[in-house]
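Novice: Dropping a prediction and its sequence here:
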Amino acid sequence: GDVSIKGMDSESWGIGLNEENVFSRFNNAGVLTSVEKSNVTVNGDVDFDVYGNGVTTNAKDSVVTINGGGKITVPSGMNYGYYTLASFLGTINMNTGANGNVPGSNDVQLNGDIFALNTGNINLALTTEASYLDGIVDNGGTVNLWLQNGATWINEANNTRYKQDNEDVGSGEQSRVTNFVGGNSKASAGVIHQTTNSKDLTIDNYSGYTKVLYGHDDSNPTNMYGGNVTIGSASNGSNITLITNYDANMNSTDVQNEVLNALANKLYYIGYTNGENNLSGTVAIAEGLTASSVYQYVGDIAYSSSTGQGRLDGTGKPA
């Protein structure tokens, strides 16, 4: 059934702080594996407020499977690694079935970063409009992510790492996803927010449809906030749309084209440099910076054959 561990504030978390902890893998946790080949299954939702990690696997061949969804909240604004999902050894499946490859339809809400060591595996499905990840995917192992049907990912770190914790070797405190599956169509795309504080995002293997929202400097609208999105390889028929909002400084066609080109420059498609051509890209200026905002000016993305960097293909046009 459902599992709930909940505190009212930072002074009364459901699981208390162990001040002797030094390394993040030994944090208190809502669910923790520390015995090889152990297996924990939750046939329902979780509701965790933990001064530590939400779910941690820290034993060879151990597995935690959450067949439902639920909400996990861990501390933020700390100089220490606290994770909603942390796999140091073993596998975590959340809303993806026992084998980690069948996305479910449960609401999943994660307030905090995700971490995987090179011996860790995480399978996570965000497949409903109410689902979200607010945090980075600091991944040195394998993280497979489904982001679909209006689910959102705010790609911004919640904490900085404890500098003496040399065990937390992921992707350098920026996001990397091993296999990313977007929506089946533009209408069912997931949404990534690249904020002012967002670092680069790398996706090794990409499929489906996704929207990426970028804010910009109002006084210089070609200055996009947030890091680049780099896609290694894409499945045939994949699509990605990069969007920013309109403002009064975009009052000419020339400026609008410059803004669209600046958006396209945030995307790198490395597979294109090796002859792959499976990823269609679109850039758009919308009336606002939400996934449902109406597009006003749009363009297509072309890629550099040497670097894979995107650029505006020709000129834009009114939507």
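Specialist: Arrived safely.

Novice: which stretches of the protein have low pLDDT?
Specialist: Filtered on pLDDT under 70, the chain yields the residue ranges 1-22.

Novice: In which helix or strand does residue 115 reside?
Specialist: Here residue 115, judged by DSSP states H and E, is contained in strand 113-116.

Novice: tell me what that strand is packed against?
Specialist: strand 83-94, strand 120-126, strand 137-139, strand 142-147 (3 or more C-beta pairs under 8 Å, 6 or more residues apart in numbering; DSSP states H and E). All C-beta atoms are positioned from the backbone trio N, CA, C, and that covers glycine.

Novice: Nearest to residue 281 among those would be which one?
Specialist: Counting by C-beta to C-beta, residue 281 lies closest to strand 142-147 out of these; the figure is 16.9 Å.

Novice: How about the secondary structure of residue 206?
Specialist: strand (DSSP: H, G, I helix; E, B strand; the rest coil).

Novice: how deep is it tucked in, by neighbour count?
Specialist: Here the neighbour count serves as a burial measure; for residue 206 (other C-beta atoms under 10 Å) it reads 25.

Novice: How about residue 278?
Specialist: Burial of residue 278, expressed as a neighbour count using other C-beta under 10 Å, amounts to 17.

Novice: ok, it - contacts?
Specialist: Listed by C-beta atoms under 8 Å, 6 or more residues apart in numbering, the contact set of residue 278 reads 233, 234, 235, 236, 237, 238, 271.

Novice: Redo these as TSV? Include neighbour count.
Specialist: Compiled in TSV, these are given as follows (neighbours: other C-beta atoms under 10 Å):
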residue	neighbour count
233	18
234	25
235	14
236	9
237	11
238	23
271	20
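
Novice: circling back to that earlier point, could I get the helices and strands packed on strand 113-116 as JSON lines with distance to residue 218 and mean neighbour count?
Specialist: Shown next, in JSON lines, are the helices and strands packed on strand 113-116 (distance: least, C-beta to C-beta, whole Å; neighbours: other C-beta atoms under 10 Å):
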{"stretch": "strand 83-94", "distance to residue 218": "33", "mean neighbour count": "28"}
{"stretch": "strand 120-126", "distance to residue 218": "31", "mean neighbour count": "26"}
{"stretch": "strand 137-139", "distance to residue 218": "30", "mean neighbour count": "26"}
{"stretch": "strand 142-147", "distance to residue 218": "28", "mean neighbour count": "25"}
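
Novice: Include distance to residue 29 when you put these into a markdown table, please.
Specialist: Compiled in a markdown table, those are given as follows (distance: least, C-beta to C-beta, whole Å):
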| stretch | distance to residue 29 |
| --- | --- |
| strand 83-94 | 8 |
| strand 120-126 | 14 |
| strand 137-139 | 17 |
| strand 142-147 | 18 |
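
Novice: who wins for proximity to residue 317 among the ones you listed?
Specialist: Residue 317 sits nearest to strand 142-147 of all the helices and strands packed on strand 113-116, at 28.2 Å, using C-beta to C-beta.

Novice: Give me the contact list for the helix or strand following that closest one.
Specialist: Scanning forward in sequence from strand 142-147 by DSSP H and E, the next helix or strand is strand 152-154. By C-beta under 8 Å, 6+ apart, the surrounding residues in contact with strand 152-154 are 126, 131-135, 145, 147, 190-193, 195, 291.

Novice: Among the residues you listed, which ones are in strands?
Specialist: Among the contacts of strand 152-154, the members falling in strands are 126, 132, 133, 134, 145, 147, 190, 191, 192, 193 (criterion: DSSP state E).

Novice: What's opposite the last one in the beta bridge?
Specialist: The residues listed as beta-bridge partners of residue 193 by DSSP bridges are residue 154, residue 213.

Novice: now the contacts of residue 278 in a markdown table, with secondary structure?
Specialist: Converted to a markdown table, the contacts of residue 278 look like this (three-state DSSP):
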| residue | secondary structure |
| --- | --- |
| 233 | strand |
| 234 | strand |
| 235 | coil |
| 236 | coil |
| 237 | coil |
| 238 | strand |
| 271 | helix |
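
Novice: Tell me the one of the residues you listed nearest residue 160?
Specialist: The shortest distance between residue 160 and any of these, using C-beta to C-beta, involves residue 233 and amounts to 31.1 Å.

Novice: which ones are touching the residue nearest to that closest one when sequence neighbours are not counted?
Specialist: Of all residues beyond its chain neighbours, the one nearest residue 233 is residue 271 (4.4 Å), with distances taken as C-beta to C-beta, 6 or more residues apart in numbering. Remark: with contacts taken as C-beta under 8 Å, 6+ apart, residue 271 is in contact with 231, 232, 233, 234, 278, 279, 308.

Novice: Adding distance to residue 64 and secondary structure, write those residues out as TSV.
Specialist: Formatted as TSV, the contacts of residue 271 follow (distance: C-beta to C-beta, whole Å; DSSP: H, G, I helix; E, B strand; the rest coil):
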residue	distance to residue 64	secondary structure
231	29	strand
232	28	strand
233	29	strand
234	30	strand
278	34	coil
279	33	strand
308	36	coil
